[in-house]
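Peer 1: my questions concern the predicted model and sequence given below.
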Amino acid sequence: MSTTAPKAPATPGAPSLTPLFVRLKLSLLRNGLLQSGGRKAAYITSAVLALLFAALQLLGLLALRGDAHAATVAVLVTGVLALAWAVMPLFFPSGDETLDATRLVMLPLRPRSLIVALLAASLVGIGPLFTLCLVLGSALAVAHSAASAAVAVLAVPLTILVCVALARTVATANTRLLTSRKGRDLAVLSGLVIAIGFQFVNFGVQKLGDSGGLSALDPAGDVVRWLPPAAAIGAVDAASEGAYGRAALQLLLTAVALVALLYAWQRSLVRLMTSPDGSTLRPADTARKQADRPGLSGLLPEGRTGTVMLRTLRYAWRDPKTKAAWITSLAIGLIVPVVNALQGNGTVYFASFGAFMLGAQMYNQFGQDTSAFWMVVQTISTPRDAYLELRARAYAIALVTAPYTVLVAVVTASLVGNWAALPQALGLSLGLLGAMLATGAVASANFAYSIPQDSRKNVAPGQGGIASLAIVGGMLTSGLLSAPLIALTIWLHVSDRHGALWLVLPVGAVYGLLVAYAGLRVAAPRTARRLPEILTAVSRG
């Protein structure tokens, strides 16, 4: 008599991850909006504005139908859109929680199915809808036949998939960076990148107006139309012209780019989810070598001055808020004179803008210490100690600002072609720098305020008035302190003493040193007396 073992019940097939991840993305969006009314209002407002802008862009692209340069604009719009998708995860890593694949490390998921699910989840949101409007408008602007319409049916989703895959590939390859302190630094600097981008857009629009319109974009369009994903829009234009072979090749290029991005994404995902994070590990021999090598500290003065200078420079390099302020000042201080010079409205005197921007870093010197300022308080017992502390901080700022001011002045003079005015521009800039250091020291002693470290705000709640008074009042006072130098320069011009204008450089340098010294002397006793009040003010964030 033979017996047979009962058969095991059939295991139902594993459910697809794609619907699950799409629902997860929708849940994240919904739960984020439920956290607070302010967040919901900000999200709805940004969504409405983004969709309104996308609709206007769509109408604008449709209005270009039949224009000789419509194809150029369409492929360039698509190229810029792809570039935005590539860089946005670097500056806004917290905008989409599903970008951090390390949260899925403990789940038994296969890379291929995970990629498909994440790609589908990436198509949910305002960004993909905004992209759809622009890509659809670009395709419709160049589609003029049944064949081109058929190509557009393939080109539009292919373009969107390439954009999304590009963002995912970049985000996954940089996940370790985006979740570290350097990643937070990038997020803080996002506003600077946007501001600089607007400057270049403004300059580009003005150059287009001067060169006679959209024809100036044709050379760039001829190149971008062969770069995925703009090549897909180029394929629609090629099909409209009857160049079906070229259209097929451009579509193929875009498809190959999508496959390559998915492959790179999969490799990065596997490496990310299987390799340990050694970013915080450092071999002992490397640590020993770095401890033995003096580096920058070996070039600084001995004693308190060198220590405080090194601490100030490290704040500028490591602290996200301080680094953002420094880089913003460095960038804008060069962009303003250069852009004005390129537009034909510049003058070499705009070089003082760099000294103005960096000199403003002297304001609220103690606020960057936050509550750790109590350690500085322990080292200050006399006005002499306060003077040495403030002087060292001013030295650190001048160490960067002085050569930077010379660089900006030389670049501006070369662009405007006015080398004769370089000495006087440098003298005025150095005088202004000394005035900014002086008023910054006084403002730091009298109007200290806290800089929150866990928010994007640069002033703690309730201290906005103090910050405004310190910055605006100090800048106006700096202008008044620089008035003698400005008067001297004007007098030399009016009295036709052009041969003596070079004296503005040494006079401005000496005047800046004297004014800075006087400001530090005034601020030092005030700082020593107000140490408890300053500590309370900077500890609120």
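Peer 2: Yep, that arrived. The structure displayed is predicted, hence computed values, not measured ones. Residues are numbered from 1 along each chain as shown.
Peer 1: the domain parsing of the protein - what is it?
Peer 2: For the chain, automatic domain parsing gives the domain ranges 17-195+209-274, 299-538.
Peer 1: deepest-packed of the ones you listed, please.
Peer 2: Per-stretch averages of neighbours, counted by mean count of other C-beta atoms under 10 Å, single out domain 299-538 among the domains of the chain, with a mean of 19. (Each C-beta comes from the backbone N, C-alpha and C, glycine too.)
Peer 1: surely residue 117 touches residue 23?
Peer 2: No. In this structure, residue 117 is not within contact of residue 23 by C-beta atoms under 8 Å, at 10.7 Å.
Peer 1: returning to what we had before: mind putting the domains of the chain into TSV with mean pLDDT?
Peer 2: Shown next, in TSV, are the domains of the chain (pLDDT from 0 to 100):
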stretch	mean pLDDT
domain 17-195+209-274	81
domain 299-538	86
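Peer 1: quick one: contacts for the residue nearest to residue 410 when sequence neighbours are not counted?
Peer 2: Nearest residue to residue 410, sequence neighbours excluded (C-beta to C-beta, 6 or more residues apart in numbering): residue 422, at 7.0 Å. Contacts of residue 422 were listed using C-beta atoms under 8 Å, 6 or more residues apart in numbering, and they are 348, 409-410, 413.
Peer 1: cool, and residue 61?
Peer 2: 70, 73-74, 77, 134, 137-138, 140-141.
Peer 1: can you list which of these are found in strands?
Peer 2: Assigned to strands by DSSP state E, none of those qualify.
Peer 1: between those, which is nearest residue 104?
Peer 2: The nearest member of these to residue 104, counting by C-beta to C-beta, is residue 134 at 30.8 Å.
Peer 1: that closest one against residue 54, yeah?
Peer 2: Yes. The criterion here is C-beta under 8 Å, and residue 134 meets it with residue 54 at 6.3 Å.
Peer 1: give me the distance from stretch 74-88 to the chain's centre.
Peer 2: Distance of stretch 74-88 from the chain centroid (C-alpha atoms, centre = their mean, to the nearest Å) equals 17 Å.
Peer 1: and stretch 395-413, by the same measure?
Peer 2: Offset of stretch 395-413 from its chain centre (C-alpha atoms, centre = their mean): 22 Å.
Peer 1: send over that stretch as PDB, restricted to the C-alpha atoms.
Peer 2: Presented in PDB, the C-alpha positions along stretch 395-413 are these (Å, rounded to 0.1, in the frame of the first residue of the first chain):
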ATOM      1  CA  TYR A 395      42.300  89.300  10.100                       C
ATOM      2  CA  ALA A 396      40.600  86.100   8.900                       C
ATOM      3  CA  ILE A 397      38.100  88.000   6.800                       C
ATOM      4  CA  ALA A 398      40.800  90.300   5.400                       C
ATOM      5  CA  LEU A 399      43.000  87.300   4.600                       C
ATOM      6  CA  VAL A 400      40.400  86.300   2.000                       C
ATOM      7  CA  THR A 401      38.800  89.600   1.100                       C
ATOM      8  CA  ALA A 402      42.000  91.600   0.300                       C
ATOM      9  CA  PRO A 403      43.300  89.400  -2.500                       C
ATOM     10  CA  TYR A 404      39.800  88.700  -3.700                       C
ATOM     11  CA  THR A 405      39.200  92.500  -4.000                       C
ATOM     12  CA  VAL A 406      42.300  92.800  -6.100                       C
ATOM     13  CA  LEU A 407      41.200  90.000  -8.300                       C
ATOM     14  CA  VAL A 408      37.700  91.500  -8.900                       C
ATOM     15  CA  ALA A 409      39.200  94.900  -9.600                       C
ATOM     16  CA  VAL A 410      41.700  93.500 -12.200                       C
ATOM     17  CA  VAL A 411      39.000  91.400 -13.900                       C
ATOM     18  CA  THR A 412      36.600  94.400 -14.000                       C
ATOM     19  CA  ALA A 413      39.300  96.700 -15.300                       C
END
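Peer 1: what distance do you get for residue 346 to residue 412?
Peer 2: Look at residue 346 and residue 412: by C-beta to C-beta, to the nearest Å, they are 7 Å apart.
Peer 1: which residues are in contact with both of these two?
Peer 2: 337-338.
Peer 1: go through the protein and flag its longest helix.
Peer 2: Ranked by number of residues, the top helix in the chain under DSSP state H is helix 383-416.
Peer 1: helices of the stretch 251-400 of the chain, residue ranges please.
Peer 2: Listed in chain order, the helices of the stretch 251-400 of the chain (DSSP state H, counting those that start in this stretch) span 284-292, 303-318, 320-342, 352-359, 373-377, 383-416.
Peer 1: then the stretch 51-200 of the chain?
Peer 2: Secondary structure of the stretch 51-200 of the chain (DSSP H, counting those that start in this stretch): helices located at 70-91, 111-122, 126-142, 146-173, 175-178, 181-188, 190-211.
Peer 1: can you give me the angle the first one makes with helix 126-142?
Peer 2: It stands for helix 70-91. Counting by axes from the mean of the first three to the mean of the last three C-alpha atoms, to 10 degrees, helix 70-91 points 170 degrees away from the direction of helix 126-142.
Peer 1: tell me the angle of helix 70-91 relative to helix 146-173?
Peer 2: Interaxial angle of helix 70-91 relative to helix 146-173 (the same axes, to 10 degrees): 20 degrees.
Peer 1: quick one, helix 70-91 and helix 111-122 angle?
Peer 2: Relative orientation of helix 70-91 and helix 111-122, computed by the same axes, to 10 degrees: 110 degrees.
Peer 1: give me the distance from helix 70-91 to the chain's centre.
Peer 2: Distance, centroid of helix 70-91 to centroid of chain: 17 Å (C-alpha atoms, centre = their mean).
Peer 1: who does the longest helix of the chain touch, helix- and strand-wise?
Peer 2: When contacts are defined as 3 or more C-beta pairs under 8 Å, 6 or more residues apart in numbering; DSSP states H and E, helix 383-416 packs onto helix 303-318, helix 320-342, helix 352-359, helix 422-446, helix 504-529.
Peer 1: right, so of those helices, which gets closest to residue 129?
Peer 2: Of all those, helix 320-342 comes closest under C-beta to C-beta, at 30.5 Å.
Peer 1: mind giving me the packing neighbours of that closest one?
Peer 2: On a contact count with 3+ C-beta pairs under 8 Å, 6+ apart, helix 320-342 meets helix 181-188, helix 190-211, helix 303-318, helix 352-359, helix 383-416.
Peer 1: keeping just the C-alphas, turn it into PDB.
Peer 2: Output in PDB follows, covering the C-alpha atoms of helix 320-342 (Å, rounded to 0.1, in the frame of the first residue of the first chain):
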ATOM      1  CA  PRO A 320      26.600  75.300   6.400                       C
ATOM      2  CA  LYS A 321      25.100  78.700   7.200                       C
ATOM      3  CA  THR A 322      28.500  80.400   7.300                       C
ATOM      4  CA  LYS A 323      29.700  78.700   4.200                       C
ATOM      5  CA  ALA A 324      26.600  79.700   2.300                       C
ATOM      6  CA  ALA A 325      27.100  83.300   3.300                       C
ATOM      7  CA  TRP A 326      30.700  83.300   2.200                       C
ATOM      8  CA  ILE A 327      30.100  81.600  -1.100                       C
ATOM      9  CA  THR A 328      27.100  83.900  -1.800                       C
ATOM     10  CA  SER A 329      29.300  86.900  -1.100                       C
ATOM     11  CA  LEU A 330      32.100  85.600  -3.200                       C
ATOM     12  CA  ALA A 331      29.800  84.800  -6.200                       C
ATOM     13  CA  ILE A 332      27.700  87.900  -6.100                       C
ATOM     14  CA  GLY A 333      30.700  90.200  -5.500                       C
ATOM     15  CA  LEU A 334      32.200  89.000  -8.800                       C
ATOM     16  CA  ILE A 335      29.000  88.500 -10.800                       C
ATOM     17  CA  VAL A 336      27.600  92.000 -10.300                       C
ATOM     18  CA  PRO A 337      30.700  93.900 -11.800                       C
ATOM     19  CA  VAL A 338      31.300  91.200 -14.500                       C
ATOM     20  CA  VAL A 339      27.700  91.100 -15.700                       C
ATOM     21  CA  ASN A 340      27.500  94.900 -15.800                       C
ATOM     22  CA  ALA A 341      30.700  95.100 -17.700                       C
ATOM     23  CA  LEU A 342      29.600  92.500 -20.200                       C
END
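Peer 1: having no further points to raise, I will conclude here.
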